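Visitor: generate coordinates for the sequence data below:
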Amino acid sequence: MKRILTVLILLTSSIFAQNYVGVENCGMGCHAAPLRTFPGFNSWKATLHSQIHLPPATDNMKGDFTQTVSMGSAYGNATVTFRVAAGEWFATLNPATGSPVEYKIVSTYGGGWKQRYLVKIGQSHYMLPVQWNLLKYKNNSSGNWAAYNPQTWFTTSGSLKVQDNAFRAKSWDKTCAGCHVVPGNNTNTVNAVVTGSDTAWVYSWANNSSPANMVVGCESCHGHPSGFSGTGHVKKLTDLSYERKLDVCGQCHFRGYSKNQVFEYPYDETTGKTYPVGEDLAGYIFAKPGLWPDGKTSKQHHQQSQDFKYSAHFNTTTGMMTCVTCHDPHQETAQAHQLKQDFNSLTPGVGCVMCHADKAAETNGINNHSKHPQAISQCVSCHMTHNAVTARSYDISNHSFMPIRPNLTITYSNVTGGMINTCAVACHRNGQGTRGGGPTFGITDATLTNWAEATDLALADTLWRYYQIMYGIVGLEKEESGVPTEFSLNQNFPNPFNPTTTISFSVAKASTMRLEIFNASGELVNILVNQELAPGSYKYEWDSRSLHGYTMPSGIYFYRLISGNNTLATKKMILMK
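Guide: Got it, this is the predicted structure:
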């Protein structure tokens, strides 16, 4: 008994000696076996969160280390080569001029879609300029190497860069660690190590930066404990407000910087405070998502939190749907991405149909909601567009759950790279999209990542015509009348309106015309017309939806007619529900 008491006293001292105790302490006792909804520590160990960093071993090194990786002609065709010896992996950076430098790989970094590799220089970790892209999520039946930020290591002539403060500012400790480990303390987890004029950044994590805590662990989501189990936990997640629950996942599934933009993870530089679960995440981050030109649709990965706040599922009044409604954070499931249900299914009571049963109804084999054959009408095909990139083009789903209409590709045709649309990328681009196959309408497009080519616009125009017919969007109509003598914009009718109103205007000579709608704050709501029009009188019936298809709330709106770069007229209208 005395020995047991001594162990407990030592254990208690260990727990209170630091803010975060590490996954070892959670997994060795109460949570080793299944407990209530928790499936057990070993189940969590099988998840990607638990395997985000691993000591190199034959079974977790995904890349083909017999190959040579070129940095490309933009970096003097410098290369990276590898060797394996005595159970250790090494990478050699071979500059175009100068001597090669070899580093020992100390940790993997990821492995679900892609894998990067960490080396250690001084006290800090750095990502090698290579990335292994798996074939698809958790499928490494084949893969390929790609250069990853070669500009961090190489000059444009292919020589190795000096490892100065600019180089050290790109360390894993400064740019990544805060989202990928169990923190060590509430404050000053990341520190600048200054030696003369040199500054390096070092992040410390739980249990003296033990390899076991180089993971997204228990305390990353549940907060650090003030004692043992039960009420001793600092935060009971079910007691958090709706938005604080979303912040639990949002602390890492966002794109941006720390509060003062020094780091690339949540952190308050002023106080040196690490984000603690339960507080408002907005006080620890500066959001800067990577977006398509519409300013809403994610183009880069780990932006699920930002996406979700655009969705109808984000509802602070009901607080019904959070990330864990669909995903199980504690274990691998039968579905990819640790999904709790088969969200490709239209089976009653399964996946999306659990809440949206009416959307599974069909008539003569055609889904009443999608207007497509029932056999290919999975909800995710339209509502979770693959529009972002983590390893390969369009391998990440949009979590705003809004289809990206084909008209957006047309609207942003003048922007470099253009604008993606759901219909094309999911099914209709060259007859085989990320969700399935569909008619090409005789249009073949060679460049997957450029959506501003003539073929993209031709396909988008065709898709938009079908879209308007299928979903009851009236669009632009030309009236039978003489040629107007001047440009004009008429008052909408009816006004006030709900939910539709007609806007009419006249075009005196062939011109590129735009009809735009703004809200009272001056934010663009929709672009109803953006095309070359012949002389004549036109009308457009607006259904009070935004450019993306969102239903707009009651309020004052403004619409304006533009010819070329000249605004011809602006008028006010009222949506009253």
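
Visitor: what comes up buried for the helix ranked longest in the chain?
Guide: In the chain, taking DSSP state H as the definition, the longest helix is helix 454-470. Going by neighbour count (16 or more other C-beta atoms under 10 Å), the buried part of helix 454-470 is 455-457, 459-464, 467-468. Where C-beta positions appear, they are placed from N, C-alpha and C, glycine not excepted.

Visitor: over to stretch 475-482?
Guide: Buried, per 16+ other C-beta under 10 Å, within stretch 475-482: L476.

Visitor: ok now that stretch, how far from the chain's centre?
Guide: Relative to the mean C-alpha coordinate of its chain, stretch 475-482 is positioned 42 Å out (C-alpha atoms, centre = their mean, to the nearest Å).

Visitor: which residues make contact with it from outside it?
Guide: Around stretch 475-482, the neighbours that count as contacts under C-beta atoms under 8 Å, 6 or more residues apart in numbering are 468, 504, 528-529, 536-541.

Visitor: other residues contacting the longest helix of the chain?
Guide: Residues from elsewhere that reach helix 454-470 (C-beta under 8 Å, 6+ apart): 371, 405-407, 409-410, 413, 418, 421, 423-424, 428-429, 440-441, 443-446, 450, 473-475.

Visitor: can you check the pLDDT for the nearest residue to L281 once chain neighbours are set aside?
Guide: Among residues not flanking L281 along the chain, D247 sits closest, at 3.9 Å (C-beta to C-beta, 6 or more residues apart in numbering). D247 carries a pLDDT value of 97.

Visitor: what does G475 give?
Guide: pLDDT recorded at G475 is 78.

Visitor: OK, contacts around the residue most central in space within the chain?
Guide: When C-alpha atoms, centre = their mean is applied to the chain, the residue found nearest the centroid is Q303 (2.9 Å). By C-beta under 8 Å, 6+ apart, the contact list for Q303 reads 253-255, 289-290, 388.

Visitor: most neighbours out of the residues you listed, which is it?
Guide: Neighbour tally across the contacts of Q303 (other C-beta atoms under 10 Å): the maximum, 27 neighbours, falls on A388.

Visitor: am I right that it is in a strand?
Guide: Yes. According to DSSP: H, G, I helix; E, B strand; the rest coil, A388 belongs to a strand.

Visitor: could you report the separation of it from Y257?
Guide: Using C-beta to C-beta, to the nearest Å, A388 is found at 19 Å from Y257.

Visitor: could you do E516 as well?
Guide: As defined by C-beta to C-beta, E516 lies at a distance of 32 Å from Y257.

Visitor: for the stretch 151-300 of the chain, which spans come out with low pLDDT?
Guide: For the stretch 151-300 of the chain, applying pLDDT under 70 flags the ranges 226-235.

Visitor: hmm, 90 instead?
Guide: Applying pLDDT under 90 to the stretch 151-300 of the chain flags the ranges 185-186, 222-239.

Visitor: do you have the helices of it handy? List them.
Guide: Here the stretch 151-300 of the chain has its helices, by DSSP state H, counting those that start in this stretch, at 165-168, 172-175, 206-209, 218-222, 242-250.

Visitor: what's the closest of those to Y267?
Guide: Distance to Y267, taken as C-beta to C-beta, is lowest for helix 172-175 among the helices of the stretch 151-300 of the chain, at 10.3 Å.

Visitor: contacts for the closest one?
Guide: 109, 118, 124-127, 168, 190, 201-203, 262-265.

Visitor: which among the residues you listed gets closest to G29?
Guide: The closest of these, once distances to G29 are taken by C-beta to C-beta, is Y203, at 27.5 Å.

Visitor: tell me where the stretch 301-450 of the chain has helices.
Guide: Going by DSSP H, counting those that start in this stretch, the stretch 301-450 of the chain shows helices at 304-308, 323-326, 379-383, 407-411, 422-423.

Visitor: from M402, how far off is the nearest residue to N407 once chain neighbours are set aside?
Guide: Distances taken as C-beta to C-beta, 6+ apart put W464 closest to N407, at 4.8 Å, once the chain neighbours are dropped. Counting by C-beta to C-beta, the gap from W464 to M402 is 16 Å.

Visitor: repeat that for H330.
Guide: Distance from H330 to M402, by C-beta to C-beta: 29 Å.

Visitor: ok, R435 to G365 distance?
Guide: Using C-beta to C-beta, we find R435 at a distance of 19 Å from G365.

Visitor: more crowded one of those two?
Guide: R435 (20 against 8).
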